[in-house]
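> Provided below are the primary sequence and the corresponding predicted coordinates.
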Amino acid sequence: MKTKAFLILLCIITSTSLYAQKRIAGRIITKTYNAVTLSENSSGSPIDTLYSFSTPGALPRGICWDGTYLWHNDSTKYIYKLNTMGEILDSIDNPDVDNQFRGGSMTCDGTNIWLVGEQSAKLFKIDTKGTILKTFDLPSVNDFDPNGFGIAWDGNNLWHSQYLPSVIYKINPSDGSVISSFVPKDTIMGIEWINNKLYGISMTNDVN
């Protein structure tokens with residue numbers, strides 16, 4: 001049970017970290033004006049912190065699991081390969097070089113990494129050596145403020161969360177085309193598929 005919780009929380013802390021804290025941790029802490037709110041699980045009790053470690057750099061953005069290692073990007077020009085203790089094992093170039101944010105969320109399809117360019121509105125497929133295999137335009141590519149962030153792999157297709165306006169897209173990984181889309185009830189940042197369900201982080205108006 002705790003193993004499942006750990007994997008879930010590694011995925012969903014990504015969006016929160018950018019605005020609230022420079023940590024990867026089991027307990028999600030978000031700032032609400034002058035108060036601090038702890039997220040709770042479905043039973044109503046605070047989520048357990050199994051352990052935590054500091055991220056390599058400032059403004060942590062995305063994180064994904066390839067089955068053996070963690071991959072993490074931040075405001076630097078690198079994507080870091082980490083073990084589960086937070087040690088940097090290697091790094092590759094971040095292909096999203098168009099803006100200061102340098103990407104958004106990441107996901108792994110079992111072999112390769114997919115990275116969202118939040119403001120460039122690009123979707124990058126890269127291998128673990130840093131080679132760019134594919135680059136697609138995301139649906140918000142021509143918007144003044146693209147606001148694309150989340151990315152998740154369901155085993156066959158990609159899912160992408162755009163915020164402000166909030167839309168979730170199902171994307172064909174072969175050509176980047178949109179298969180379908182829907183408007184969620186809340187504004188969603190990071191997303192992840194777990195046990196055939198799509199989980200997301202709701203962005204509140206005071207997130208900044």
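Looks like it came in fine.
> Leu198: neighbour count?
Here the count is done by other C-beta atoms under 10 Å, and Leu198 has 17 residues near it. To be clear about C-beta, it is placed using only N, CA and C from the backbone, and glycine gets the same treatment.
> mind showing which ranges of this structure have poor pLDDT?
Scanning the chain for pLDDT under 70 picks out 1-47, 98-101, 204-208.
> can you give me the helices for it?
Remark: helices assigned in the chain by DSSP state H are 2-20.
> which ones are touching the most centrally placed residue in the chain?
Centroid-nearest residue in the chain: Ser105, 2.7 Å away (criterion: C-alpha atoms, centre = their mean). Shown in contact with Ser105 (C-beta atoms under 8 Å, 6 or more residues apart in numbering): 14-15, 61-62, 64, 115-116, 149-152, 161, 189-191.
> ok, Cys108 next?
By C-beta under 8 Å, 6+ apart, the residues touching Cys108 are Cys64, Trp65, Asp66, Gly67, Trp71, Trp114, Trp153.
> spatially, which two of the residues you listed are the most separated?
Maximum pairwise distance among the contacts of Cys108 (C-beta to C-beta): 14.9 Å, between Gly67 and Trp114.
> who has more neighbours, these two?
Set side by side, Gly67 and Trp114 give different neighbour counts by other C-beta under 10 Å, the larger being at Trp114 (25 against 7).
> apart from its chain neighbours, what residue comes closest to the residue nearest to the centre of the chain?
Among residues not flanking Ser105 along the chain, Gly62 sits closest, at 4.3 Å (C-beta to C-beta, 6 or more residues apart in numbering).
> contact partners for that neighbour?
Thr14, His72, Asn73, Gly103, Gly104, Ser105, Met106, Leu115, Val116, Ile151, Gly190.
> so the second one sits against Tyr78, correct?
No - no contact is recorded between His72 and Tyr78 when judged using C-beta atoms under 8 Å, the distance being 9.3 Å.
> of these two, which one has the most company?
The residue with more neighbours, out of His72 and Tyr78, is His72; 26 against 19, by other C-beta under 10 Å.
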